[in-house]
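Engineer: Coordinates for the following, if possible.
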Amino acid sequence: MFNSLRIRLTLLFVSLTIIPLVIAGTLITLQGYDRLQNESVKSQEHLARQTSISLEAFFSERENELSVLTDVYGLTSLDSVAQKDVLLVLLSKQPAYYELTLAQADGQEAIRLTRGSIVTDSDLTSRENDPLFQRAIETAEVSFSSVHFNEDARDRLITMAIPIEDLFTGTTGYVLIAEIRFQNVEESILRNLDLADGEDVYIVDNTGLVIAHRNPRFVLKETVFDLPESQGRHTGLQGNDIVLAMSKMQLQNQELIVVAEKDYSEATALAFDLAQLATIITVITLLAAIVIVILAVNRVVRPIIQISQVAQAIQGGDYSKRIEMNRKDEIGQFVGAFNSMTHQLQDLISSLEARVSERTREAEEARLKAERADQVKSQFLAATSHELRTPLNAIINFSKFVSKGVLGPVNDKQIEALTKVVQSAKHLLGLINDVLDISKIEAGSLQLFVESNVNLADEIREACATGESLLEGKPIELRQEIDESLPLLTGDKQRIRQILLNLISNASKFTQTGHITVKAHRDGDTVIMVVEDTGPGIPPEEHEAIFETFRQTETGLRQGKGTGLGLPISRRLAEAHGGRLWLESKVNGGSTFYVSLPIQPSHLKPTL
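Structural biologist: Next up, the predicted model:
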């Protein structure tokens, strides 16, 4: 699909149109979310601070009420009946109090009034060990206890202790202790807040325990809120996504925290609406852009498609095709140039076809001549080699007969001369055989006499026995390292022996001292034969040249030994068996020739 130029251009232009809109819309939306979140945090911070002020005023009112009783009404100067009546009136008129207690300086309770229950004199106890009472006596200041839950009141309470000074002694004569209900805080403060949708305000202590909430369930279940370290976006009391602010209030030695939160979705509702609007605008813009781009792209792409179709027709061989288009712009100029080039191409190809036809005919004639010449050459070589080998064999045999005295007595000089004749004739016969072999190989007429039980170890020993005669008079040791567990091969044993003899002969020609080692071992499904010598070595640049016919190294040319056919024939015989021949050598470091032959080559079948 994306191979179409129309689709790619459409996607490109639409992307160039829509991507900036998406980026701009996203940035504006994110900025709107951040700004609204910050504004919401400020709003909740103001709400929490106002609630904290109201809470502080609530406790200040309670402290002032109790101070009026002690300072204005002279609570401690009244008799016990009057004291009880005054406190009872306060308890009944002010629902913020759950319990009021007047304790003497020694801690003994003089009066205790509890909402909803009767307290007799026998119920009065000593406050001597009460830490709050002790702190009020010691500091002579108003003190508060920590917030605690009272099962009888079914509410969280905070205890306020107000020391009462004895005007005659100047010491604390009594302590007025009041248990203040947080339910009243909820009723008088939290429920009177004008909260918007999604807003909530509650009070926790410094451990996060909810002590006042518009929903008593959180108080009764002793819900603990994990107070965050900073204001902003967090998880709220009910596990929802909220924007939160806090305000702390200090009650002497106790700290209360007012938490104001607002649902994040409500806080950022405007930004969400803006995001929806941006999405709608983007979609509308995208649709409009697609329509405009398709129209513009079609005007550009349609002539390109026509050009492509004509070009494909020309590629298919129809050079008569032309582009029919009447435009005055750059595309029209291109179409005119394209049609002109097509016409020139048609003329050129017609001319080339005629020339190619003529050259093909000439090449075919040359090929036929070359094949006839090659056939004549092969026939000539075969005939010549046959005509040469017959008299050479006769020369060799008659020379041997004469040297052995079959035709009459001969002296030592005659035997030496006849021996040289035999050696030269054998050398010439070897050259003729090599020429005949390379001729058959190059003509593709080489045939192997394949056997399935070739004993490679025996062939190596016979080749080495023949090679010993080549080393007579030289201080060279011919070594054999043959793995006795070599398997039987499938191949032409005479050709395998010819490969080894060529390599041993080649090593004996150029090695003047040291040793020649012939090795053989199995390597997986192949057998590796190695002929290693201590000769002068071969330069790296000549490693491949020596396997070309009639090519010799500089050392070989200087010594005038060989014809340059032994190694090429050996490599081609190895390849005919499905193997390969290669060497490793360096100057003055000797040479090592490797022959790899498959044990059971799949392409060779026994001849018999």
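Engineer: can you pull the buried residues of stretch 11-21?
Structural biologist: Residues of stretch 11-21 classed as buried by neighbour count (16 or more other C-beta atoms under 10 Å): F13, V14, T17, I18, L21. (Glycine included, C-beta is placed from N, CA and C.)
Engineer: can you tell me how far the fourth one sits from I284?
Structural biologist: When you say that, I think you mean I18. Going from I18 to I284 by C-beta to C-beta, to the nearest Å gives 11 Å.
Engineer: Direction included, what does the strand or helix carrying I242 pair against?
Structural biologist: Using DSSP states H and E, I242 maps to strand 241-251. Here strand 241-251 has these sheet partners by DSSP bridges: strand 232-235 (antiparallel), strand 254-263 (antiparallel).
Engineer: mind checking which of those strands is nearest A178?
Structural biologist: Checking the strands paired with strand 241-251 against A178 by C-beta to C-beta gives strand 254-263 as the closest, at 14.5 Å.
Engineer: now that closest one: how far from the chain's centre is it?
Structural biologist: 49 Å (C-alpha atoms, centre = their mean, to the nearest Å).
Engineer: for the stretch 501-608 of the chain, which spans come out with low pLDDT?
Structural biologist: Across the stretch 501-608 of the chain, the ranges flagged by pLDDT under 70 are 553-563.
Engineer: Show me where it has its helices.
Structural biologist: Assigned helices in the stretch 501-608 of the chain, in chain order: 554-559, 566-576 (criterion: DSSP state H, counting those that start in this stretch).
Engineer: What residues sit buried inside the longest one?
Structural biologist: When burial is assessed from 16+ other C-beta under 10 Å, helix 566-576 yields the following buried residues: G566, L567, P568, I569, S570, R571, R572, L573, A574, A576.
Engineer: quick revisit: quick check: mean pLDDT of the strand holding I242?
Structural biologist: Averaged across strand 241-251, pLDDT comes to 90.
Engineer: do the same with stretch 370-383
Structural biologist: 69.
Engineer: was I right about L470 contacting S508?
Structural biologist: Yes - L470 lies in contact with S508 (C-beta atoms under 8 Å); the separation is 4.3 Å.
Engineer: Compare the two and say which one has the larger neighbour count.
Structural biologist: Neighbour totals were compared for L470 and S508, and S508 leads with 22 against 16 (other C-beta atoms under 10 Å).
Engineer: how far away is the more buried one from E468?
Structural biologist: Remark: distance between S508 and E468 (C-beta to C-beta) = 9 Å.
Engineer: again, but for E261
Structural biologist: In this structure, E261 and E468 are 107 Å apart, going by C-beta to C-beta.
Engineer: Which one of the two is surrounded by more residues?
Structural biologist: Just comparing E261 and E468: by other C-beta under 10 Å the higher neighbour count belongs to E261, 27 against 12.
Engineer: Poorly predicted segments of the stretch 1-150 of the chain, please.
Structural biologist: 1-6, 32.
Engineer: what's the burial count for E365?
Structural biologist: Using other C-beta under 10 Å, E365 is surrounded by 10 other residues.
Engineer: Now name the helix or strand holding it.
Structural biologist: Assigned by DSSP H and E, E365 belongs to helix 330-403.
Engineer: again, but for P20
Structural biologist: Assignment of secondary structure by DSSP H and E places P20 within helix 5-71.
Engineer: Point out the other helices and strands that the helix or strand just after that helix packs with.
Structural biologist: Going down the chain from helix 5-71, the next helix or strand is helix 80-93, by DSSP H and E. Helices and strands touching helix 80-93, by 3 or more C-beta pairs under 8 Å, 6 or more residues apart in numbering; DSSP states H and E, are helix 5-71, strand 97-104, strand 109-114.
Engineer: which residues sit against the last one?
Structural biologist: In this case it means strand 109-114. Outside of strand 109-114, the residues within contact range by C-beta atoms under 8 Å, 6 or more residues apart in numbering are 80, 83-84, 87-88, 91, 98-104, 119, 123-127, 152, 174.
Engineer: Select only the buried ones of these in ChimeraX?
Structural biologist: The buried subset of the contacts of strand 109-114, as determined by 16+ other C-beta under 10 Å, is captured in ChimeraX by this line:
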select :83,84,87,91,98,99,100,101,102,103,104,127,174
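Engineer: so how far does stretch 402-420 reach from one end to the other?
Structural biologist: Counting by C-alpha to C-alpha, to the nearest Å, you get 13 Å between the two ends of stretch 402-420.
Engineer: Could you list the buried residues of that stretch?
Structural biologist: By neighbour count on 16+ other C-beta under 10 Å, the buried set for stretch 402-420 is V402, S403, L418.
Engineer: Over to stretch 339-350?
Structural biologist: Neighbour-count burial for stretch 339-350 [16+ other C-beta under 10 Å]: N339, T342.
Engineer: Please save the CA atoms from it in CSV.
Structural biologist: Taking C-alpha atoms only, stretch 339-350 is exported to CSV below (Å, rounded to 0.1, in the frame of the first residue of the first chain):
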residue,chain,number,x,y,z
ASN,A,339,8.2,11.6,-25.4
SER,A,340,11.2,13.0,-27.3
MET,A,341,13.6,10.7,-25.5
THR,A,342,11.2,7.7,-26.1
HIS,A,343,11.3,8.4,-29.9
GLN,A,344,15.1,8.6,-29.8
LEU,A,345,15.3,5.4,-27.8
GLN,A,346,13.0,3.6,-30.3
ASP,A,347,15.3,4.6,-33.1
LEU,A,348,18.4,3.6,-31.2
ILE,A,349,17.1,0.2,-30.2
SER,A,350,16.0,-0.5,-33.7
